[in-house]
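In: A structural model of the following input is requested.
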Amino acid sequence: MTQRENRDTTAHESATAESAETPETTAQTGQRKLRTGLRRVGKLAAPVTRYSQALRNESFAGLVLVISALVALIWANSPGRDTYFALAATKIGPESLGLHLDLAHWAADFVLALFFFVVGMELKQEFTIGSLNDPRKAALPVLAALTGMLGPIGVYCATQAISGAHIYDGWAIPVATDIAFALGVLALVGKGLPKAAGIFLMTLAVADDLGGIIVIAIFFSDGVNFLFLGGGLLVAALFGLLCWKGWNRWWLLWPLALVCWYCFFRAGVHATISAVVLGFMIPTSTTDADDTPLTERYSERLIFWSAGIALPIFAFFAAGVNITEAGGITALLADPVAIGIYLGLPLGKCIGIFCGTWLFVKVFRLKLGEGLHLGDIFPMSILAGIGFTVSLLIAQLSFAPTDPHEAHARVGVLLGTLLSVILGALATRIRVRHHRASGTLHDDAARGSADPAA
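Out: So this is what the prediction gives:
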């Protein structure tokens, strides 16, 4: 073979090798691009995943709420406050369906419904397989929740009577307890208290949530349209039937949930009640593949949207009060409505829960949880005054948006919650110190029992 023939043969073999490598190189390039794309998606999703996991900690969830409220409060009192109020007053939605609402109303009526849906599921779980399942164990905290609602009402009404203002429209505002916020504070400062202390507070707050929902449903429903209400209940029943049958695809259930919400909205019943009803429709059953109740699984899936999105949005629009236009901080602190609320939350709850528990234990001989003493109930009763979310909602329902008392009420809720956090944390640490000094410090701290599953 000549030198020329050798060169031709080599060139032909090289060309053949290149053509054989081309498909492999293309496939590898495609796979590399796919892996790169997936890594980028993973990097984008990672913060969302970490945020969702952090929200499982009640302390972090409470911090998110506080930040949202502070941002709103600062913005509403800054030179750019007109932008905040213009944003809150921006109207969207189809007018033909009666849904042309401003963003503040969308936050309170629609966005907050997701939170109440989770509350409904949690209530269902507690009543069927949780802390309210055994009447003997649940009796004391449930009765304490009842007296804990009467205490703030008494303080608020007494404030109106003593001041001569007689503005009784806000009587229901200080009755609520923000369960996640209260348990979050307990988780931070309650290490060393008996585990039963956290269970007591959780059970009390769950019963208190139910009481707040009943108050909203009965006293803040205006001109009920029973045709729409009946339609909403029928849709809720269909929703529950599908869940019971196991047909729980999101594309089937969520449209029904929206129709139910709309029916309650048009019925004149506060639309968040529809979400509670739907939450009660979710079964607590388990499957062979997963022994976690369906209510708990749904709550876990919705924690990002409920605690991470819905509640901060509501807090952002509810907490934005212009203190200057409301008369200044001095006038607000002296306003009878604000006084009744910011005293009703820490003081009224403390009087109602602690005195009620003392009465039921000493007179009616009901028993406290294992290792729990009346002294442990005192800090729990103050922490129950953290009424942030539901109290802000009731404040908006109690007074018209144009009524100056509406702003006073919201400031009262913020101050009352702040006082409850500070005083409750101090009382809890004092009680922990007492347990340490007496040698009864508990390793299974109340912090651990702040988790309902604990």
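In: L132 contacts V206, correct?
Out: Yes - judged on C-beta atoms under 8 Å, L132 makes contact with V206 at a distance of 6.6 Å. The way it works is simple: take the backbone N, C-alpha and C, and place the C-beta from them, glycine included.
In: what's near enough to touch V189?
Out: 425, 428-429, 432 (C-beta atoms under 8 Å, 6 or more residues apart in numbering).
In: ugh, typo on my part, it should be L140
Out: Counting by C-beta under 8 Å, 6+ apart, L140 has contacts 200, 357, 360-361, 366-368.
In: Show me what counts as buried in the helix or strand containing it.
Out: Assessed by DSSP states H and E, L140 sits inside helix 135-163. Across helix 135-163, burial judged by 16 or more other C-beta atoms under 10 Å covers 137-138, 140-149, 151-157, 159-160.
In: can you check stretch 58-74 too?
Out: Buried, per 16+ other C-beta under 10 Å, within stretch 58-74: 58-62, 64-66, 68-69, 71-73.
In: continuing past the helix or strand containing T49, what's the next helix or strand?
Out: According to DSSP H and E, T49 maps onto helix 3-54. Per DSSP H and E, the first helix or strand lying C-terminal to helix 3-54 is helix 58-76.
In: Give me the helices and strands touching that next one, please.
Out: For helix 58-76, the elements it packs on are helix 81-88, helix 179-189, helix 311-318, helix 388-398, judged by 3 or more C-beta pairs under 8 Å, 6 or more residues apart in numbering; DSSP states H and E.
In: could you give the mean pLDDT of the second one?
Out: Helix 179-189 comes out with an average pLDDT of 89.
In: so that helix versus helix 58-76, what angle?
Out: 110 degrees (axes from the mean of the first three to the mean of the last three C-alpha atoms, to 10 degrees).
In: So which bits of the helix or strand following helix 179-189 are buried?
Out: Next helix or strand after helix 179-189 toward the C-terminus (DSSP H and E): helix 195-219. For helix 195-219, a neighbour-count test (16+ other C-beta under 10 Å) marks 195-213, 215-217 as buried.
In: again, but for stretch 245-260
Out: Going by 16+ other C-beta under 10 Å, stretch 245-260 has these buried residues: 253, 256-257, 259-260.
In: between the residues you listed, which is nearest F314?
Out: Taking C-beta to C-beta as the measure, F314 lies nearest A257 of the buried residues of stretch 245-260, at 18.2 Å.
In: Just to check, L252 is in contact with L242?
Out: Yes - assessed by C-beta under 8 Å, L252 is found in contact with L242 at 6.4 Å.
In: I would like a ChimeraX command selecting only the buried ones among the contacts of L140, please.
Out: Here is the ChimeraX selection string for the buried members of those, based on 16+ other C-beta under 10 Å:
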select :200,357,360,361,366,368
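In: now the contacts of L140 in TSV, with secondary structure?
Out: Below are those laid out as TSV (DSSP: H, G, I helix; E, B strand; the rest coil):
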residue	secondary structure
F200	helix
T357	helix
F360	helix
V361	helix
L366	coil
K367	coil
L368	coil
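In: CSV for the contacts of L140, including pLDDT?
Out: Converted to CSV, the contacts of L140 look like this (pLDDT from 0 to 100):
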residue, pLDDT
F200, 93
T357, 97
F360, 96
V361, 96
L366, 93
K367, 90
L368, 90
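In: Export the contacts of L140 as JSON lines, with columns for distance to Q53.
Out: Output for the contacts of L140, formatted as JSON lines (distance: C-beta to C-beta, whole Å):
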{"residue": "F200", "distance to Q53": "27"}
{"residue": "T357", "distance to Q53": "35"}
{"residue": "F360", "distance to Q53": "39"}
{"residue": "V361", "distance to Q53": "39"}
{"residue": "L366", "distance to Q53": "39"}
{"residue": "K367", "distance to Q53": "37"}
{"residue": "L368", "distance to Q53": "34"}
